[in-house]
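S.K.: following is a predicted model, sequence given first.
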2 protein chains.
Amino acid sequence: MPNIAETLFQLLLILMAARVCAEVAARARVPSVLGELAAGVVLGPSLLGLIHVDAPIQLLAEIGIILLLFEVGLETDATLLWRAGPKSAVVALAGLALPFALGYVAARYLFDLPQLAALFVGGTLTATSIGITVRVLRDLGLDRSHEGRVVLGAAVLDDVFGVVLLALLYEFAVGGGVSLGKAGRVLLFMGLFFALAPVVAKAMSVVIKRFDARSEIPGLIPTTVISLVLLFAVLAHRMGAPELLGGFAAGLALSRRFFVPLGAALASDPAFSERIAGQMGPVIHLFTPIFFVTVGLSIDLGAVDWGSGFIWAFALVLFGVATAGKMAAPWLISETPQSRVVIGLAMVPRGEVGLVFAELGLASGILDNALYTGMVMIIALTTLGPPFLLKGYVARNAARLAPPEASSRPPAAPPRGQGGAP
Amino acid sequence: MPNIAETLFQLLLILMAARVCAEVAARARVPSVLGELAAGVVLGPSLLGLIHVDAPIQLLAEIGIILLLFEVGLETDATLLWRAGPKSAVVALAGLALPFALGYVAARYLFDLPQLAALFVGGTLTATSIGITVRVLRDLGLDRSHEGRVVLGAAVLDDVFGVVLLALLYEFAVGGGVSLGKAGRVLLFMGLFFALAPVVAKAMSVVIKRFDARSEIPGLIPTTVISLVLLFAVLAHRMGAPELLGGFAAGLALSRRFFVPLGAALASDPAFSERIAGQMGPVIHLFTPIFFVTVGLSIDLGAVDWGSGFIWAFALVLFGVATAGKMAAPWLISETPQSRVVIGLAMVPRGEVGLVFAELGLASGILDNALYTGMVMIIALTTLGPPFLLKGYVARNAARLAPPEASSRPPAAPPRGQGGAP
């Protein structure tokens, strides 16, 4: 058992370092996910070299990212998207296509990267981080504003697209070329899921709810929901998609309102959805940091040739592309210039999905250590700068922004079932 | 990543099988832990042979048992013990010493087992299962009765003694002989803990509570509490005690009222303790079944020589010893004969601690497969029979039992801070 004690000790180090660094980051008004990454950098080969990521830790990290995507799915409200309307869709699609295309072109032709690597670089820049964006908007009191609604809808949408793109690129990478068959299989999986999920969700929630009401054994929700998530993850893997896509699918299936046309029928018990979210929260928040710390652990700053100039040029150019792509998107919709700037800035932060792109790129050997470190730096820059810029811009232009659509302060206990901010 | 997907699939099988079997057991009025053990037997080498327990699953199982002992510690209310008074102590000590001594003698001289094996057999029979006893008492409406109080106090006490005995026997086993130094170190650990825990608990709960109030990052309680549990587990291991003892210590330190003399000072925020219990519940209930399933997985019914007669004689004799030892204990205190029978029957069920004894005995090679299977059978018998007998006995003797001490029905929302049933 010395082996297990050693792993328990490593787990203790990971959880404690993640928490301390995340709290320090939060105090410094920096997204806490950066603190968790930093914890991994500190514990890992870059600095202390205390932790060797073995199979058990890797499993916990994988469960962490699957559960994070489950939570994103769970918080995805299709009605929100519906209401924010075509504007969100335009911002999401343009804000996904522009950074992807520009990132690919810059990586392929400016930095001479191989095609697959350039595709992963572009992919890493696509998805706005829902978590960071929601937190930034809430901090600025913009979450109930018109701009906030457009941004939330777009962030939700580009997370969906980002995950699908990730699955396609993953297939592309695994297939070693343009494998339409495999890509088709992933699309089939997504299609099948979107066709069947409402039925499955209905059936599952009825079964889980019935047992939840009758079961005398505690812990029904965490065990059945985790089983469900693992089932979807294993199914995704069997169909050639990454496991985390299954987590996302399971989250969508259990979310409060999954599908607009059937919304009324499926939103039958928001209290039960909240019960699930409440009980799963502690489990999700326990596992998720382990993933981000292992991302930090996989970074070896010492192995990067900091003197070469390449890494600096690469990070700066792609940070520019990542920012410009998201900032340009709102100019395709009819808004005041001020609103466009706010929407664009709010869309810049990249997070979980981008890190997963970079992580998959590294794990599959498509990105080398220098490129991977560069991508993580770019993601860090997008979460560091824009929130500060947005804060200053909103303060200077408060009068010219659209007035809040409802009350500017959310009511103490928002009525249930009225889709709003997730 | 095929390796991780395979482990995720095994985890899915374990969680689903545990839940299904536990629900079936609960429907059949059988303790659900037996269902979880059965799930392991079905999935393991005894029947289907679907699961090979590798390092990641073993880690999850170990975390599961550490968290279970954490929960037992968390639910331990020292004031309860104080109030139930010397009667509980007599029942606990006699109910621990008698089965241990009788079990040892029977195993050593009737079945000719080696000394260490006989000690582990005796140890397995010592601790009443708090969880099962509490559930049985509650089902029969006896949890607020005089007998119920004595039983709860005794069950809490013999869990503490059982865990200490386990640590001592473990040391004895690891040392290969009577190693007073190592045993002393374990006792020192317990002594140090009991001396320092109130201070540590106070300090920790202040720190965690302050961060809990201020932290903007969700998941503070699960990550910090699990870190604390792992810290105590690693400390226990470093001091030569099993990790689960650390979990128990962490639970006691965070329990609502840890230490009687300082009770008033430490019971300062029962709401916060309840918040911890509420958030840790889902995490504990997720991990714990994994332990019991792996116990079932470690059983190989096919390897037992069912025709030898030894296993049958062994199981029946030791089941008799296990029952007689607990039934005899209440005759040392002044009660009506009816109350003595009720207390004795309620104390018979063995559970988690007994399984941990048996499991440690198997893992360290002290118990062979046949003996281990026999011990698990005995534990199963103690949880199967007595609850039925108790139900019938209470129904026939309701008039002669002591009247409930307070209202026979607990109030809908018992006032906080008034120690009662945990």
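M.R.: Sure, I can see it. Numbering: from 1, shown residues only, chains lettered A, B, ... in the order given.

S.K.: where does chain A have its least confident helix or strand?
M.R.: helix A:263-266 (a mean of 46; mean pLDDT, DSSP states H and E).

S.K.: nearest to chain B: which residue in the stretch 101-250 of chain A?
M.R.: In the stretch 101-250 of chain A, the residue that lies nearest chain B is residue A:219 (2.3 Å; C-beta to the nearest C-beta). In this view, the C-beta of every residue, glycine as well, is placed from N, C-alpha and C.

S.K.: show me where pLDDT drops low in the stretch 1-150 of chain A?
M.R.: Scanning the stretch 1-150 of chain A for pLDDT under 70 picks out A:1-2, A:31, A:76-85, A:131, A:135.

S.K.: again, only using 50
M.R.: Within the stretch 1-150 of chain A, the stretches falling below the threshold (pLDDT under 50) are A:1-2.

S.K.: can you give me the helices in it?
M.R.: Along the stretch 1-150 of chain A, the segments classed as helices by DSSP state H, counting those that start in this stretch run A:2-27, A:32-43, A:55-75, A:78-105, A:115-124, A:130-139, A:146-175.

S.K.: if we can go back for a sec, next SSE downstream of the least confident helix or strand of chain A?
M.R.: helix A:270-298 (DSSP states H and E).

S.K.: ok, that next one near chain B or not?
M.R.: Yes - applying C-beta under 8 Å from any C-beta of the partner chain, one finds helix A:270-298 in contact with chain B at A:279-286, A:288-289.

S.K.: and for the closest residue to chain B within the stretch 251-400 of chain A, the neighbour number?
M.R.: Going by C-beta to the nearest C-beta, chain B is nearest to residue A:285 of the stretch 251-400 of chain A, at 2.3 Å. For residue A:285, the neighbour count with other C-beta atoms under 10 Å in any protein chain shown is 22.

S.K.: now for the helices of the stretch 1-150 of chain A, which one comes closest to residue B:399?
M.R.: Residue B:399 lies closest to helix A:2-27 among these, at 52.9 Å (C-beta to C-beta).

S.K.: any stretches of the stretch 151-300 of chain A with poor pLDDT?
M.R.: For the stretch 151-300 of chain A, the ranges with pLDDT under 50 are A:260-267.

S.K.: apply 90 and report the result again.
M.R.: A:151-225, A:228-229, A:231-279, A:281, A:288, A:291-292, A:294-300 (pLDDT under 90).

S.K.: need the residues of it near chain B, please.
M.R.: Checking the stretch 151-300 of chain A against chain B by C-beta under 8 Å from any C-beta, the hits are A:211, A:215-224, A:226-227, A:230-231, A:233-234, A:237, A:243, A:279-286, A:288-289.

S.K.: out of these, which end up buried?
M.R.: A:215, A:217, A:219-224, A:226-227, A:230-231, A:233-234, A:237, A:243, A:279-286, A:288-289 (16 or more other C-beta atoms under 10 Å in any protein chain shown).

S.K.: how about residue A:251: what's its closest non-neighbour residue?
M.R.: residue A:73 (2.3 Å; C-beta to C-beta, 6 or more residues apart in numbering or on different chains).

S.K.: spit out the contact partners of that neighbour.
M.R.: Contacts for residue A:73 (C-beta atoms under 8 Å, 6 or more residues apart in numbering or on different chains) come out as A:247-255.

S.K.: what are the ranges of the strands in the stretch 301-422 of chain A?
M.R.: Under the criterion DSSP state E, counting those that start in this stretch, strands are not mapped anywhere in the stretch 301-422 of chain A.

S.K.: contact residues of it facing chain B?
M.R.: Looking at chain B, the residues of the stretch 301-422 of chain A close enough under C-beta under 8 Å from any C-beta are residue A:363.

S.K.: quick one, helices of the stretch 201-350 of chain A?
M.R.: Taking DSSP H, counting those that start in this stretch as the criterion, the stretch 201-350 of chain A carries its helices at A:220-238, A:243-254, A:263-266, A:270-298, A:310-328, A:337-347.

S.K.: nearest to residue A:138, out of those helices?
M.R.: Once these are compared by C-beta to C-beta, helix A:337-347 is nearest, at 11.3 Å.

S.K.: avg pLDDT for the closest one?
M.R.: Helix A:337-347 shows a mean pLDDT of 91.

S.K.: could you export it as PDB, CA atoms only?
M.R.: Extracted C-alpha coordinates of helix A:337-347, given in PDB (Å, rounded to 0.1, in the frame of the first residue of the first chain):
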ATOM      1  CA  PRO A 337     -20.200  50.900 -32.100                       C
ATOM      2  CA  GLN A 338     -20.100  51.000 -28.300                       C
ATOM      3  CA  SER A 339     -22.100  47.800 -28.000                       C
ATOM      4  CA  ARG A 340     -20.000  46.100 -30.700                       C
ATOM      5  CA  VAL A 341     -16.800  46.900 -28.700                       C
ATOM      6  CA  VAL A 342     -18.400  45.500 -25.500                       C
ATOM      7  CA  ILE A 343     -19.600  42.300 -27.200                       C
ATOM      8  CA  GLY A 344     -16.300  41.800 -29.000                       C
ATOM      9  CA  LEU A 345     -14.200  42.300 -25.800                       C
ATOM     10  CA  ALA A 346     -16.500  40.100 -23.800                       C
ATOM     11  CA  MET A 347     -16.000  37.300 -26.400                       C
END
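
S.K.: how about residues contacting it?
M.R.: Residues external to helix A:337-347 that are found in contact with it (C-beta under 8 Å, 6+ apart): A:91, A:95, A:128, A:133, A:136-137, A:142, A:146-148, A:150-151, A:154-155, A:326-331, A:333, A:335, A:386, A:389-390, A:393-394, A:397, A:400-402.

S.K.: buried members of those into ChimeraX, please.
M.R.: In ChimeraX, a selection of the buried entries from the contacts of helix A:337-347 looks like this (16+ other C-beta under 10 Å):
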select /A:91,95,128,133,136,137,142,146,147,148,150,151,154,155,326,327,328,329,330,333,335,386,390,393,394,401,402
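
S.K.: how about the contacts made by the nearest residue to the residue of the stretch 251-400 of chain A closest to chain B once chain neighbours are set aside?
M.R.: Sequence neighbours aside, residue B:219 is the residue nearest to residue A:285 in space, at 2.3 Å (criterion: C-beta to C-beta, 6+ apart). With contacts defined as C-beta under 8 Å, 6+ apart, residue B:219 is in contact with A:281-282, A:284-286, A:288-289.

S.K.: and the helices of the stretch 1-150 of chain A as CSV, adding distance to residue A:206?
M.R.: Below are the helices of the stretch 1-150 of chain A laid out as CSV (distance: least, C-beta to C-beta, whole Å):
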stretch, distance to residue A:206
helix A:2-27, 36
helix A:32-43, 36
helix A:55-75, 18
helix A:78-105, 20
helix A:115-124, 38
helix A:130-139, 28
helix A:146-175, 26
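
S.K.: all set, thanks.
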